[in-house]
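Student: any chance you could fold what I've pasted below:
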Amino acid sequence: MNKIIRLISLFFYYCFAQYLPDSYTPIFGKPSNFIRIFLCRRIFKSCGKRVLNINRHAFFGFGKNVEIGDFSSIGANCVLHPNVKIGQYVMMGPETYIVGNNHITADVNTPMCFQGKTENKVTVIEDDVWIGARVMIMPGRKIGKGSILAAGAVVTKDVPSLCVFGGNPAKLIRRRGM
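Tutor: Numbering: from 1, shown residues only. All right, here's what the predicted structure looks like:
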């Protein structure tokens, strides 16, 4: 029965709910956000009791292994691969892209498009993280508690706790609280 509910929720999310008005639109925003969260509770592996926002056009595939904690948000036009764990109090700006895998490129005698892809890796975003607009997080990265990813950052390595990272590739800008 849960599988059927998940599939029905996926259908309604992708055919209807993702197109509803932006969560911050006066009058229609809150009900639209409520509908998206309602459906994602039935789609995701786990969904916090008080998710703040799942904005319009968020894409997460089948969402079977997506986890999101309390008071967290997914921004507009975000793309999450199907193996992501989002902690509590996470703010995600618009157009964030969390990559799940890469192409295999080891054999120079075979075209890259025929070499396949690497296995999906789990990306972990710990509690109290702020992800700016248009951030790209590469496969299997861990974003430490209390960190900030500046807008446009391309995260190619793990980010320690309480750090501000930015740039392409993302580098340490400063530590928080020091």
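
Student: dump the residue contacts of the residue positioned nearest the centre of the chain.
Tutor: Centroid-nearest residue in the chain: residue 80, 4.1 Å away (criterion: Cα atoms, centre = their mean). Residues near residue 80 by Cβ atoms under 8 Å, 6 or more residues apart in numbering: 58, 59, 60, 61, 66, 74, 96, 98. No exception for glycine: its C-beta is placed from N, CA and C like everyone else's.

Student: distance of it relative to residue 152?
Tutor: 18 Å (Cβ to Cβ, to the nearest Å).

Student: quick one: residue 6 is in a helix?
Tutor: Yes: Residue 6 forms part of a helix when assessed by DSSP: H, G, I helix; E, B strand; the rest coil.

Student: give me the distance between it and residue 127.
Tutor: 26 Å.

Student: go on, residue 85?
Tutor: From residue 85 to residue 127 the distance is 11 Å (Cβ to Cβ).

Student: and residue 109, by the same measure?
Tutor: In terms of Cβ to Cβ, residue 109 sits 46 Å off from residue 127.

Student: what about residue 70, neighbour count?
Tutor: 15 (other Cβ atoms under 10 Å).

Student: touching, it and residue 88? I think so.
Tutor: Yes: using Cβ atoms under 8 Å, residue 70 is in contact with residue 88, at 4.8 Å.

Student: now the common contact residues for the two.
Tutor: Counting by Cβ under 8 Å, 6+ apart, the residues touching both residue 70 and residue 88 are residue 48.

Student: just give the nearest non-adjacent residue to residue 89, would you?
Tutor: residue 128 (4.5 Å; Cβ to Cβ, 6 or more residues apart in numbering).

Student: many thanks, have a good one.
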